[in-house]
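Visitor: Fold the following for me, if possible:
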Amino acid sequence: MTGEAGEKSIRAFIALELDDSMRARLAELIRSLHGVITGARWVRPEGIHLTLKFLGYARREVLDSLVPPLRRAAEDCPATTVRVARLGVFPERGRPRVLWISAEVPPPVLRLQQACERAAVAAGFEPETRPFASHLTLGRWREPARPPTLPEADLGRTRLDTLVLYRSQPGPGGSVYTPLESFALPPPGGARGEA
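Guide: Numbers count the residues shown, from 1 in each chain. Predicted structure coming up:
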């Protein structure tokens, strides 16, 4: 059964890993925002990733059934670099809940996200009703907050070359993410879907 917590359920999501250089730049950005944006609970830089599909809770055998379609999807998406720039909040109007920075992904990554969505729905997960917004979460507000004044931010480019099925274990210091399966993206020009 998908979508419910239980003794044998695993909380999981599908994401693309960032390179170490970008994680270091994100850590520096978060440090610089501490005195500018108040009330946010900051994420740990080592846990930042580009989420393609949040799955919620599922049994291990359901997650295992995702491995073949995710592997095929990864084989069709060449490794690439993306620009990380422009801070924003969700929701865009009203009291913010999430602070993020945009990741400008190319069409092959959008197709990879759609393939992950299709694989998840075929395995019994709920379809996502909101349009995909490519972003990296930097912080969250637990209490209602005023919309902050966001500074300019441009962290340059990061390499995306690994798709990961992650386990997410909530804890007092924030969630801990453990890879369950990893899928290397082929080098540019080596993807199955390319001519």
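Visitor: Give the other helices and strands that the helix or strand bottoming out on mean pLDDT in the chain contacts.
Guide: Scoring the helices and strands of the chain by mean pLDDT, DSSP states H and E places strand 40-42 at the bottom, with a mean of 93. Using 3 or more Cβ pairs under 8 Å, 6 or more residues apart in numbering; DSSP states H and E as the contact test, the elements touching strand 40-42 are helix 20-33, strand 135-141. From N, CA and C alone the C-beta is placed, and that goes for glycine too.
Visitor: Could you rerun that using 6 Å?
Guide: strand 135-141 (3 or more Cβ pairs under 6 Å, 6 or more residues apart in numbering; DSSP states H and E).
Visitor: Three-state assignment for the residue nearest the centre of the chain, please.
Guide: The centroid of the chain falls nearest to Thr51 when counting by Cα atoms, centre = their mean (1.7 Å). Of the three states, Thr51 takes strand under DSSP: H, G, I helix; E, B strand; the rest coil.
Visitor: could you pull out the helices for this protein?
Guide: 20-33, 60-65, 67-75, 107-122 (DSSP state H).
Visitor: contacting residues around the last one?
Guide: If I follow you right, that is helix 107-122. With Cβ atoms under 6 Å, 6 or more residues apart in numbering as the test, helix 107-122 has contacts from 14, 52-53, 66, 69, 73, 77-78, 127, 132.
Visitor: Report the buried members of the residues you listed.
Guide: Neighbour-count burial (16 or more other Cβ atoms under 10 Å) is assigned, among the contacts of helix 107-122, to 14, 52-53, 66, 69, 73, 77-78, 132.
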